[in-house]
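*Asks:* Kindly generate the corresponding structure for this input.
(2 chains)
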Amino acid sequence: MSTFEDRKVAGLVFNIQKYSVHDGPGIRTVVFTKGCPLRCRWCSNPESQSPRPQMAFNPGRCLGPAKCGYCIPACPSRSITDKDGALDIDCTHCSTCESLDCTGACPAQSLITYGKKRTVGEVLDVVAQDAIFYSRSGGGMTISGGEPLFQREFAVTLLREAKRRRIKTAIETCGAIPWENLEEAAPLLNHVLFDIKHTDSERHKQGTGQANERIVENLNRLLDTFPELPVTVRTPVIPGFNDDEETARSIGRLLKGRTVGYEALPYHRLGTQKYMFLAREYPMGDVKLPADVAPRLQAIVDEERGAR
Amino acid sequence: MNDNEMLNPEACECYSPQEQRIIDQNQGKKDKYYASHARVFKLIEKFEGQTPFIDVERALYFTRSMQQTEGQPLVLRWAKALYNVAANITVGVEDGQLLLGRCGAKEGRYGILYPELDGDFLDIAVRDLPTREQSPAKISAEDAKIVMEEIAPYWKGKTYHEALNKALPEWVHKLTYVDDAGLISRFVVNETSSFRSSIQWVHDYEKVLKRGFNDIKAEAQAKIDALDPANPVDQVDKRSFLEAVITVSDAIILWANRYADAAAEAAKKCADPKRKAELEKMAAIARKVPAEPATNFYEAVQSQWFVQMFSRLEQKTGTTISNGRMDQYFYPYYKQDMEAGVITEESAMELLECMWVGMAEFIDMYISPCGGAFNEGYSHWEAVTIGGQTKDGVDATNELTHLFLRSKREFPLHYPDLAARVHALSPDEFLYDVAETIKYGSGFPKLCNDEEVVPLYASKGGTFEEALDYAVSGCTETRMPNRDTYTSGGAYTNFAAALEMALRQGKMKKYGDEQLGVKTPDPRTFKTWDDMWNAYCAQQDLFLRATFIQQYIVTKVRAEHFAQPMGSALHDLCMKHCLDLHTRIIPEGANFGYFEFMGFGTVIDSLAAIKKLVFDEKRITMDELLKAMDANWVGYEAIQQMVKNCPCYGNDDPYADQIGKDIDRICVEFGKVHGPEMGIWNDVRYVPFTSHVPFGKVVSATPNGRTEWFPLSDGSSASHGADINGPTAILLSNYKTKNYGLRNRAARLLNIKFTPKSVEGEAGTEKLVNFIRAWCDLKLWHLQFNVLNQETLLAAQKDPQKYRNLIVRVAGYSAYFVDLSPDLQNDLIARTDHDTI
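*Replies:* The predicted structure follows:
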């Protein structure tokens, strides 16, 4: 397809984050896209899971109906009311609401929309603003999510157009996608960040809602088919799920003999607030991960896979 | 995070080394550099945390001489007054110090007075300084008496400030001062020339190191001998200038010799053989320099120190006298002594750090309330420049460059103000060392960009060699020491007030019914964005006219009030034309003046909000907006939120940045036309010191959601918390609001706050280096960092005793956080910090 057609392809994007320095080489911009096949209990981007735009409510920013109230007449289903001076939102219709006009009317960014339709051209114009930083640092664009390849056409087109503009690319994938999606994206990528969350399929299913066979198979096929493509395997270290030595050893065995990078990422609770905004309960409660666990497991994986 | 965690910096994930040092100290651990820097730590213990004392000796001996020389040429009077100071001021040797030279008798932290500048404030100062919120200072009862009875009375009616106050046309005066006597600043078109005898300055120190004052004196004598006996200009103007050069050379040599005597005397009495030897060596060096050329590193350092301290006696150079390219002019001596094995890195660093201690003890005292508000936290910019390029345009870094950076990480005080010149080919070896030092967290070094400054200065009157050899001077400014000749402080112009006037028909809430600005139409009648824009431009234009007229008068009045014989003796053009550096126009000189744009982010964000909400989207009416601001947003919180969520400067958002670029262009073009009429460059600059705090105190609520009397945005940084797209966007907004096609621009100050976590480890250093390289590519003028946790600042505010040593980057300088007023502390806390996702 021509660059003119590619630029018009649209997808659902919920955030574009500049100056990201922990998601691939150099200084990067991360494009967060909607939709994910997994439902990880610890997910730090709960707003990424649904493939549709979503309304969210941050009560901390709400001025209250007495001082504001712009949202009340804006709601097409009249589901927002003033209840004793506080906003009362009946969310029955929100999941099917096409307009989400309440979020546009809110002056305080208390009612917000997660996920807006953006074309490849629009996204790349934003990404390209930081081009000077990419060329100085070896950085570029990372597509994250959600699962970036969940919106296959959008992601692939975005990557192709980025490549045309000489912007280096990476994706952060959960691997739980059809092989064809990955196969199509891989030649357009300079780096893949690939999550392996567990080696035991049953445990994987308990934590994420999905078995892991396809994920492991996709990783192996990726490494076999595109041996030149740099891959970093990453494991979010989750308390009670995969923070034990045996799991680390089995991940190490899986990667033995492979030329990949590996990172054990410590569990963090930065997404907690967003569950509240989405009126969802945070499944992890208040568990914490001691600071020394991730580095220790990292060392075990590296030892087992024969790195260093 | 709950409140307790917020206030517990020990719960942070990652600390800067500075924070770690403070934590260690609070846990009673000895500083890890104490043992290797024992001499300077002991010197510092004597004055750390002290409220400075005012030392009156300089003012007294200066005044006594001036009383006796009335009617003589000013430059000669100045030289004689300095001779009187040199002959009478107390000289002494400090225990443990390796360098000689102080500006008075007081021990510890001290500042001195310049009554010729602003002596009409002295009575206010003596009354208020001990209790002033910003940068207080103590004075003994005896000294207060000397000030009130001997010094101040002589200068009544004679100071520069009084002359300026009388010289301003009424309408300009009204924008400058509130009261007739000019003692209360208006903070609208604010003059800054009366709280410093000169703006920042750099001497050609190398001249002294290579030639010595005896040779400079001989040059002046030879010129006198060659004067035409029949030429009245030669015999009157040139002769008095040259005689002043001789007198001032004699003065500094006499002063050094008195120190030599004092050291020799102390050596005689000293029982400790090690110290005795040190004192004897010090005496011998002071006997030799600065009269004669320096022949080794120690002599070079002592000679430079005498010159910079004598410069402080000579005049109040605003923001403290700068030190030029120290890693260049000291290098030949350093290299020679290192190769000969006479010194080590440690001994060289100890000597330099003795100098840093001397700098730390001297306080650049601002006695007027306005000067105090501009320079909170005992501001100081004795800029020591490192790095950059040679006159030939190749990289200039050397071993000494790295020693300065190392000292910056190990020496515990925020002295000197270290400035690193960066260029396209700065080696990684240098930039990584710079980044590691920035990561230490106390704001050093600040960065200055050769790729912006060198071509600009070459196009504005320097040769390429001179431009390549520039030195950082003061806060963010730069100098070509033998080409620049401009010394008048520029106007600080409050364009946020212009915006307020555009919305209030030329009036301000703070000043009630006074018609200060243009009576533009009632904004409720504005039909289009153009109407709004034109009203703002009308006020901005008035302010620009006032700015330039004020400055022209400043340049004329100042030349009649100030002279600088030593500074002139070190300047090629002054010696060539036999003119004092304060002369209004010096042939062949480049007059790099500037005026200050106050509230850039505030104005851009406000205009963007009006444009978007009132005219583009019509979500609110002008009437609603005006009422909301009048009420300081109380009852109009929804509108406040609406305006806050409009496009803001600092986010690489073209909607906002285009407005900024247009505003900048008006200023640049005004300077292009009207600067040459005055014979100077009077170019727009974005460097507020700490003045965005007092300037904010006269501006009521602004359309960007800012509440009344809150600080304005600082320099070319974004409004508080408005920059939500990260640090790359801040740089790009800066880039996109500059008009690179024109050259009538001066410095832009840019603050960026990082959390230690975001620059953690070797990978963090690398990313910081890449960030700096991209900044260099963008040809931005200046950049400085705070690397610390928000929690640390909050904790320091709550428990100042524990955080006495916490150093933060304020404007172009670093200061102790606890020395700042609560307003400025809050201002720093409100600056967005950049973490990573």
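*Asks:* Now do the SS call for the residue lying closest to residue B:548 once chain neighbours are set aside.
*Replies:* In this structure, residue B:548 finds its nearest non-sequential neighbour in residue B:674, 5.0 Å apart by C-beta to C-beta, 6 or more residues apart in numbering or on different chains. Where C-beta positions appear, they are placed from N, C-alpha and C, glycine not excepted. Classification of residue B:674 using DSSP: H, G, I helix; E, B strand; the rest coil returns helix.
*Asks:* Is residue B:674 in contact with residue B:546, as I believe?
*Replies:* No: with contact defined as C-beta atoms under 8 Å, residue B:674 does not reach residue B:546; the gap is 11.9 Å.
*Asks:* So which of those two has more stuff around it?
*Replies:* More crowded of residue B:674 and residue B:546, by other C-beta atoms under 10 Å in any protein chain shown: residue B:546, with 24 against 19.
*Asks:* Flag every buried residue along the one helix or strand the more buried one maps to.
*Replies:* Following DSSP states H and E, one finds residue B:546 within helix B:529-559. Across helix B:529-559, burial judged by 16 or more other C-beta atoms under 10 Å in any protein chain shown covers B:531-533, B:535-540, B:542-555, B:557-559.
*Asks:* Need the contact partners of whatever helix or strand comes next after it.
*Replies:* Going down the chain from helix B:529-559, the next helix or strand is helix B:565-569, by DSSP H and E. Around helix B:565-569, the neighbours that count as contacts under C-beta atoms under 8 Å, 6 or more residues apart in numbering or on different chains are B:75, B:78-79, B:82, B:198, B:201, B:203, B:213, B:216, B:220, B:241, B:244-245, B:247-249, B:252, B:307, B:310-311, B:314-315, B:574-575, B:579-581.
*Asks:* Pull helix B:565-569 out as PDB, backbone CA atoms only.
*Replies:* Coordinates of each C-alpha in helix B:565-569 appear next as PDB, following Å, rounded to 0.1, in the frame of the first residue of the first chain:
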ATOM      1  CA  PRO B 565      39.700  51.100  36.500                       C
ATOM      2  CA  MET B 566      40.900  47.600  37.200                       C
ATOM      3  CA  GLY B 567      38.400  45.900  35.000                       C
ATOM      4  CA  SER B 568      39.300  48.500  32.300                       C
ATOM      5  CA  ALA B 569      43.000  47.800  32.700                       C
END
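*Asks:* Tell me which other helices or strands the helix or strand following that helix touches.
*Replies:* Helices and strands here follow DSSP H and E; after helix B:565-569, the next one along the chain is helix B:572-577. Contacts defined by 3 or more C-beta pairs under 8 Å, 6 or more residues apart in numbering or on different chains; DSSP states H and E place helix B:572-577 against helix B:213-225, helix B:565-569.
*Asks:* which of those helices sits most buried?
*Replies:* Greatest average neighbour count among those goes to helix B:565-569 (a mean of 28), per mean count of other C-beta atoms under 10 Å in any protein chain shown.
*Asks:* near chain B, which residues of the stretch 1-150 of chain A?
*Replies:* Neighbours of chain B within the stretch 1-150 of chain A, by C-beta under 8 Å from any C-beta of the partner chain: A:17-23, A:26-27, A:30, A:61, A:63, A:67-70, A:107-109, A:129-130, A:132-133, A:136-139.
*Asks:* Residue 110: what's it in contact with?
*Replies:* By default, I'm working from chain A. By C-beta under 8 Å, 6+ apart, residue A:110 lies in contact with A:57, A:58, A:59, A:60, A:61, A:62, A:63.
*Asks:* Correction: the question concerned chain B.
*Replies:* B:52, B:53, B:54, B:55, B:103, B:104, B:361, B:362, B:363.
*Asks:* now with 10 Å?
*Replies:* B:47, B:50, B:52-55, B:102-104, B:137-138, B:361-363, B:365 (C-beta atoms under 10 Å, 6 or more residues apart in numbering or on different chains).
*Asks:* try residue B:608
*Replies:* B:616, B:643, B:646-649, B:653, B:655-660, B:703-704.
*Asks:* Figure out how far the helix or strand harbouring it is from the centre of its chain.
*Replies:* Per DSSP H and E: residue B:608 is located in helix B:600-609. Centre-to-centre, helix B:600-609 and its host chain are 26 Å apart (C-alpha atoms, centre = their mean, to the nearest Å).
*Asks:* and residue A:232, that's in a strand?
*Replies:* Yes: assessed with three-state DSSP, residue A:232 lies in a strand.
*Asks:* Model confidence at it, what's the number?
*Replies:* pLDDT for residue A:232: 97.
*Asks:* now do the one 10 residues further on
*Replies:* The predicted local distance difference test score for residue A:242 is 97.
*Asks:* quick one: it from residue A:22, how far?
*Replies:* Residue A:242 sits 20 Å away from residue A:22, going by C-beta to C-beta, to the nearest Å.
*Asks:* Counting neighbours, go ahead and name the busier of the two.
*Replies:* A count of neighbours by other C-beta under 10 Å puts residue A:242 above the other of residue A:242 and residue A:22, at 25 against 16.
*Asks:* burial of the residue nearest to that one when sequence neighbours are not counted, as a residue count?
*Replies:* Nearest residue to residue A:242, sequence neighbours excluded (C-beta to C-beta, 6+ apart): residue A:198, at 5.2 Å. In terms of burial, residue A:198 registers 22 neighbours under the definition other C-beta under 10 Å.
*Asks:* Mind checking what secondary structure residue A:198 has?
*Replies:* coil.
*Asks:* So it is in contact with residue A:237, correct?
*Replies:* No: at 11.0 Å, residue A:198 does not count as touching residue A:237 under the criterion of C-beta atoms under 10 Å.
*Asks:* intersection of neighbour lists for the two?
*Replies:* Common contacts of residue A:198 and residue A:237, defined by C-beta under 10 Å, 6+ apart, comprise residue A:247.
*Asks:* where's the residue nearest to residue B:548 relative to residue B:490, distance?
*Replies:* Distance, residue B:674 to residue B:490, by C-beta to C-beta: 13 Å.
*Asks:* Touching both of these two, which residues are there?
*Replies:* B:547, B:551, B:680, B:682.
*Asks:* mind listing what the last one touches?
*Replies:* What it means is residue B:682. Neighbouring residues of residue B:682 by C-beta under 10 Å, 6+ apart: B:486, B:488, B:490-491, B:544, B:547-548, B:551-552, B:555, B:591-595, B:670-672, B:674-676, B:744, B:746.
*Asks:* Then residue B:461?
*Replies:* By C-beta under 10 Å, 6+ apart, the contact set of residue B:461 is B:467, B:480, B:483, B:484, B:588, B:589, B:590, B:591, B:592, B:681.
*Asks:* how many other residues sit next to the closest residue to the fifth one other than its chain neighbours?
*Replies:* Read it as residue B:588. Closest residue in space to residue B:588, ignoring its immediate chain neighbours: residue B:573 at 5.5 Å, by C-beta to C-beta, 6+ apart. Residues lying near residue B:573 (other C-beta under 10 Å) number 18.
*Asks:* just checking, residue B:573 touches residue B:587?
*Replies:* Yes: counting by C-beta under 10 Å, residue B:573 does reach residue B:587; the two are 7.3 Å apart.
*Asks:* For these two, list the residues in contact with both.
*Replies:* The overlap between the contact sets of residue B:573 and residue B:587 (C-beta under 10 Å, 6+ apart) consists of B:485, B:579.
*Asks:* now the helices for chain A?
*Replies:* Assigned by DSSP state H, the helices in chain A fall at A:3-8, A:71-74, A:101-105, A:120-128, A:131-137, A:152-164, A:179-185, A:201-208, A:213-225, A:245-255, A:272-277, A:293-305.
*Asks:* OK, contacts around residue B:299?
*Replies:* B:209, B:284, B:285, B:286, B:288, B:289, B:290, B:292, B:293, B:333.
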